[in-house]
Structure formats: C-alpha cells, structure tokens
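>>> how would this look folded up:
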Amino acid sequence: MFYEEILRVLQKHRVRYLILGGAAVNLHGVPRMTGDLDLAVDMSEDNIDALVGALEEAGLKPSLPIDPRGLTDDSLRQEWRDKKHLEALTFQSMDAGAPYREVDIILDCPLAFDVMFESRLELRADDLTINVVSLPHLIEIKGKIGREQDLSDVEALEKIEKEVGGGNQGSGLE
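You can find the predicted model right below:
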C-alpha cells in the first residue's frame, strides 16, 4: 500500500511530519475519497534533508524542476506561491506503472508546525507510528482554507468532534 510505504520510509528517516488533508479526514473517522498524501513538515534544514532522502528512497521526485531543499527558505517558498501559484510541492512517482503516487508538502500551513506537532494524534499500526494533525487543528485549518470540499469536511469533522467530546481521537488504528 502506497501510504504505508511512504509512512514507513518517513519513520525510518525520522522525518517530523503531520498528515493533513483527505487522509487526515479519513483517519479521524470521516470516509472520503482522496488519492494523494498531504503533509505538513518541520521546515528545518535537517528535517527537509531527511524528507527528501526518504521520498527519493520511495521513488518520488518533485513534479517541478526545482530543488526541494528550497523548502527551508521562507522567501523562496513565498516566491513559489506568488510566481508559480503553488500551495504544495508535489513529489510523484517517476514510474510510469504507478503514476498516481503523490505526496504534497504544504508550503505554508495556516498554523505553526510546532504547535500542531505538539498536539498531534499518534496512531499505531504494528510497528508504525502515524502522525496525524489533531482533530481541532484539522477543523481549524480546513475552515481557514474554505474551499467547498474543506467546508464539507469541517461539517463532518465537527460531528465527529461532538461524538468524541472534543478529544483528540481518530479511527482507532491502535
């Protein structure tokens, strides 16, 4: 499975990441179709080096001809947003037999990574630890983004939040 392969290689390389987007919505208990894996990452130089190494090991390369180590540079990320209209740097499989294997690294999350990481939901699947953005933070992020799909996700996630009493609960992979 693609997600598991990516999560294992991120764990192996000790990458500080959080799952966001549709996969996080699923992991918090709301079924929704999604293909890619959206990640927020610690933008420190060491972490980005680990991230790039992990994704290369998994056979993924940036979809654009840019140096992914530029993720560490705030002004360069801003330039990518302004001039290239990027919200995320996509890493994709170069294997023609697996064209839909994509990981999106969010360029600028509306919440500080360290704050989100501190309150993350850690799910366990055998020997794999999966770092997922907390339910309250996911609701806040999706509300700030405000696209139709995000607002629909917020509505469903708020129902889950009420059911679990506002706790930081997920799908129960543990």
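
>>> does the residue nearest the centre of the chain count as helix, strand or coil?
The residue lying closest to the centre of the chain (C-alpha atoms, centre = their mean) is L39, at 1.7 Å. Using DSSP: H, G, I helix; E, B strand; the rest coil, the structure places L39 in strand.

>>> so how far is F2 from it?
Distance, L39 to F2, using C-beta to C-beta, to the nearest Å: 13 Å. Quick note: C-beta positions are derived from backbone N, CA and C, even for glycine.

>>> One more: E45?
27 Å.

>>> which one of the two has more residues nearby?
F2 (16 against 12; other C-beta atoms under 10 Å).

>>> Need the per-residue pLDDT for that one.
In this model, F2 is scored at 87, pLDDT.

>>> go on, the one 10 residues further on?
For K12, the pLDDT comes out at 98.

>>> Can you give me the distance of it to T129?
K12 is 11 Å from T129, by C-beta to C-beta.

>>> Just give the closest residue to A88, not the sequence neighbours.
D104 (3.8 Å; C-beta to C-beta, 6 or more residues apart in numbering).

>>> element containing the one you found?
Following DSSP states H and E, one finds D104 within strand 102-106.

>>> Can you give the distance of the helix or strand that that strand is followed by from its chain's centre?
As assigned by DSSP H and E, the chain's next helix or strand after strand 102-106 is helix 113-118. How far helix 113-118 lies from its chain's middle: 13 Å, per C-alpha atoms, centre = their mean, to the nearest Å.

>>> In its sheet, which strands sit next to the helix or strand that helix 113-118 is followed by, and in what direction?
As assigned by DSSP H and E, the chain's next helix or strand after helix 113-118 is strand 121-125. Next to strand 121-125 in the sheet, as set by DSSP bridges, lie strand 128-132 (antiparallel).

>>> name the helices or strands packed onto the worst-scoring helix or strand of the chain on mean pLDDT?
Ranking every helix and strand in the chain by mean pLDDT, DSSP states H and E puts helix 148-163 at the bottom, with a mean of 91. Judged by 3 or more C-beta pairs under 8 Å, 6 or more residues apart in numbering; DSSP states H and E, helix 148-163 is in contact with helix 21-27, helix 135-145.
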